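>>> model this:
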Amino acid sequence: MRYRTRVTAPAAALLGTAAALTAGPSAFAQAPAVGRAGTPGGESAGDSVFPELGNAGYQVTRYHLDFSYDAATRLVDATAALSLRITQDLSRFSLDALGLDVRSVKVGGRTAVFEQVGEKLRVTPAAPLPEKAQVSVCVEYSADPRRSLPHTAWVATVDGFAVAGQPNSSHTVFPCNDHPTDKADFTFRITVPNGLRGVANGTLVRTENLDGDRTAYTYFSRFPMATELVQISVGDYTVKERQGPNGLPLRDVVPTARAAALEPALALTPGQLQWLEQRLGAFPFETYGLLPCNSDDPNAFDFTGLETQTLTLYKPNFLLQEEKKIGSHMMHELVHSWFGNSVSPANWADLWLNEGHADFYGLLYRYERGWTDSLGLTTMEARMKDTYARGDQWRHDSGPVAAPNAVNLFDSQRYLGGVLVLYALREALGEDVFQRIERTFLERHRNSAATTDDYIAVATEVSGQDQSGFLRDWLYGTKTPRMPGHPDWAVTPVNTAFAAPHSRTRGHYHDASATL
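You can find the predicted model right below:
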């Protein structure tokens, strides 16, 4: 089976890797002695939407997160062990961190001076770090998943928690370089009281029965991951396993009390995968599954589904509906395994690549099955004609498709506006060329991050024609271009008297998807 050939190491080696990481900072390379003073690393990755995110002067190659959950206090005691590749001489560096009670930091096994300023954990090692060094960092801390913060990735549940870090909140769960351009390998060790289960991205490689009626679960992710895609969850969960197309192992993590009720939704995944693999190629990771976390609180998080890598987080009540009400959005979230997870946005302004593609294929899936959308429409052409008419209003209210800000990042312009761009490209070039562009882009930037310019470059290469003018007009223009093949389509004039109802003022509104 082709998925088995993707394992990068045999099971024994995976267990050895997890054991080495679990052992703590001594398992990492030690910081070498240096003779240069260095300078402080920058405290930004240069993102246009979230300039405060990320840090400069190093790259993270590996994280090991060791969490211990106390059911009585509902607190988490944690250790984050990071392996860094230093890219400039550093006297000091920073990690993104908010709401974490840091107790100690070690660099290369030696105690380091640290301070928490705003959303940064500034670390001054005992000696400067030279360019090209491989350095271990170990941060011991505790966290309260219920703590009130300006923004948070913690999702507190009745019996534990889940994590929803997109786009800028994973550093409320663990100290990190919290930007999707700095992908890294991850392992997780989650210790919980017996009766609860700890789950995380990737594959379970070890289960340990510990003293005090506690169990530790260790997971290994075989593919690099952006921090915003991390999933760690604790609760009374049952793991349901099944086989997907071409031998892909599927793993769903469901509240034990709802396992039977959720089964009809879970059983849809193999067919959805088969449909999507025919269009985008083989599934890019080692496993996939759903995590309907154990919370019915409508305010637990501000979205229906979230594409954490290999394990999509859902509100459980959504998945209890009939297929025609959930299938399109389940496809939307599944598409993110390709667009968003395997190929991450290099800048959050490139979000349309994630959400436009997810809605594009989610809507195609809906209309192929004859399911009406939220407007009562049953074809992609009809929906795009309606979206086209709104184009200038959306550009007025939310800016061009590929030019969002932090307030309007998750509104309809990134979702349906992105679909409209892809539809226009397909209309201009034809289905065959369009599909070759999609697959080439995914293959070229797999396990990495890509920009809008990268997509334009692939479209130009594959089509044999310069697509930069065409796509830039659609992505950055203040006026909606003419739709290829539809000269009769008209754009409604902008009404400046009110903001269009699609425009959201909440900071990170995720449910602008047309697949809902």
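>>> contacts, neighbours, all on C-alpha from now
Noted.
>>> you'd agree Thr215 is in a strand?
Yes - membership of Thr215 in a strand is supported by DSSP: H, G, I helix; E, B strand; the rest coil.
>>> averaged pLDDT, stretch 58-71. What do you get?
Per-region confidence: stretch 58-71 scores 98 on mean pLDDT.
>>> secondary structure element for Val139, which one?
Applying DSSP states H and E as the criterion places Val139 in strand 134-143.
>>> tell me the strands beside that strand, with direction?
Neighbouring strands of strand 134-143 in its sheet, by DSSP bridges, are strand 75-86 (antiparallel), strand 101-107 (antiparallel).
>>> switch these over to CSV; also include mean neighbour count.
Converted to CSV, the strands paired with strand 134-143 look like this (neighbours: other CA atoms under 10 Å):
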stretch, mean neighbour count
strand 75-86, 23
strand 101-107, 19
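>>> closest to Val192 out of those?
Nearest to Val192 among those is strand 75-86 (10.0 Å), distances taken as CA to CA.
>>> neighbours of the closest residue to Asp47 other than its chain neighbours, how many?
Distances taken as CA to CA, 6 or more residues apart in numbering place Asn347 nearest to Asp47, at 5.5 Å, with adjacent residues excluded. A count of nearby residues for Asn347, using other CA atoms under 10 Å, gives 21.
>>> any idea how far Asn347 lies from Pro224?
Taking CA to CA, to the nearest Å as the measure, Asn347 falls 18 Å from Pro224.
>>> which residue packs closest to Pro404, ignoring adjacent ones?
Ala349 (5.7 Å).
>>> for Asp411, which non-adjacent residue is closest in space?
Using CA to CA, 6+ apart, the closest residue to Asp411 is Ala512 (5.4 Å).
>>> what about that neighbour, how many residues nearby?
Other residues close to Ala512 by other CA under 10 Å number 20.
>>> Leu268 now?
Residues near Leu268, counting by other CA under 10 Å, number 15.
>>> ok, it - contacts?
Gly327 (CA atoms under 8 Å, 6 or more residues apart in numbering).
>>> could you do Asn194 as well?
Contacts of Asn194 by CA under 8 Å, 6+ apart are 213-215.
>>> picking up where we left off before, and the next helix or strand past the strand holding Val139?
Downstream of strand 134-143, the next assigned helix or strand under DSSP H and E is strand 154-157.
>>> do you know the pLDDT at the spatially most central residue of the chain?
Taking CA atoms, centre = their mean, the centroid of the chain lies closest to Leu229, which sits 3.3 Å from it. With respect to pLDDT, Leu229 has a value of 98.
>>> was I right about it contacting Gln309?
Yes - between Leu229 and Gln309 there is a contact at 5.3 Å, judged by CA atoms under 8 Å.
>>> where do the contact lists of those two overlap?
By CA under 8 Å, 6+ apart, Leu229 and Gln309 have these common neighbours: Asn341.
>>> coming back round to it: out of the contacts of Asn194, which end up buried?
214-215 (16 or more other CA atoms under 10 Å).
>>> ok, the residue nearest to Pro404 - contacts?
48-49, 402-405, 409.
>>> equivalent analysis for Gly391, please.
So Gly391 contacts 417, 479-480, 491-492 (CA under 8 Å, 6+ apart).
>>> again, but for Pro125
91-92, 106-107, 110-113.
>>> 10 Å instead, please
The contact partners of Pro125, taken as CA atoms under 10 Å, 6 or more residues apart in numbering, are 31, 90-93, 105-108, 110-114, 137.
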